[in-house]
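Student: how does the following fold in three dimensions:
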Amino acid sequence: MMKKKDLYLIISVMLFSVIAFFCIWFFQKDGTQVVITVKGQVYETVSLFEDREIEVKTDQGMNVVIIQDGQVSMKEATCPDQICVKHSKITKTGETIVCLPHQVVVEIIDDQQKEIDSVA
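Tutor: As a prediction, the model looks like this:
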């Protein structure tokens, strides 16, 4: 049987979670750059506002990344599970599309984040 204090605790945790979600969503910035890495090494960095189709060839296979209208998606991949292709388009800083079998990561960053990473 649930006590009154248990109910207050559950409601508090849920309220905190909702507030945290909206704070993160509200303060998340639109990105400016797309960084494609293969096995942890930068493969290519491209402006998010430059419409392009990038073919990423690795020892494990091939991926095609589409940058169009400020959105990034994985058009096709030769991996068996196709999770990266089914992933929704990304637009915000910190969002990623990952192809684990090919070890390809597509991430959106902003210019300031790139400068900070290069200094560190």
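Student: can we go C-alpha only for contacts and neighbour counts from here?
Tutor: Fine.
Student: which residue packs closest to the most centrally placed residue in the chain, ignoring adjacent ones?
Tutor: The centroid of the chain falls nearest to residue 96 when counting by CA atoms, centre = their mean (1.6 Å). Excluding the flanking residues, the one nearest residue 96 by CA to CA, 6 or more residues apart in numbering is residue 107, at 4.4 Å.
Student: the one you found and residue 30, how far apart?
Tutor: 12 Å (CA to CA, to the nearest Å).
Student: the bottom helix or strand of this protein by mean pLDDT?
Tutor: Within the chain, no helix or strand scores below helix 111-119, which has a mean of 54 by mean pLDDT, DSSP states H and E.
Student: residue 90 is in contact with the residue nearest to the centre of the chain, correct?
Tutor: Yes. Using CA atoms under 8 Å, residue 96 is in contact with residue 90, at 7.0 Å.
Student: the residue nearest to residue 96 and residue 63, how far apart?
Tutor: 14 Å.
Student: residue 33 - how many residues pack around it?
Tutor: 22 (other CA atoms under 10 Å).
Student: got the contact list for it?
Tutor: When contacts are counted by CA atoms under 8 Å, 6 or more residues apart in numbering, residue 33 is found next to 45, 46, 47, 48, 108, 109, 110, 111.
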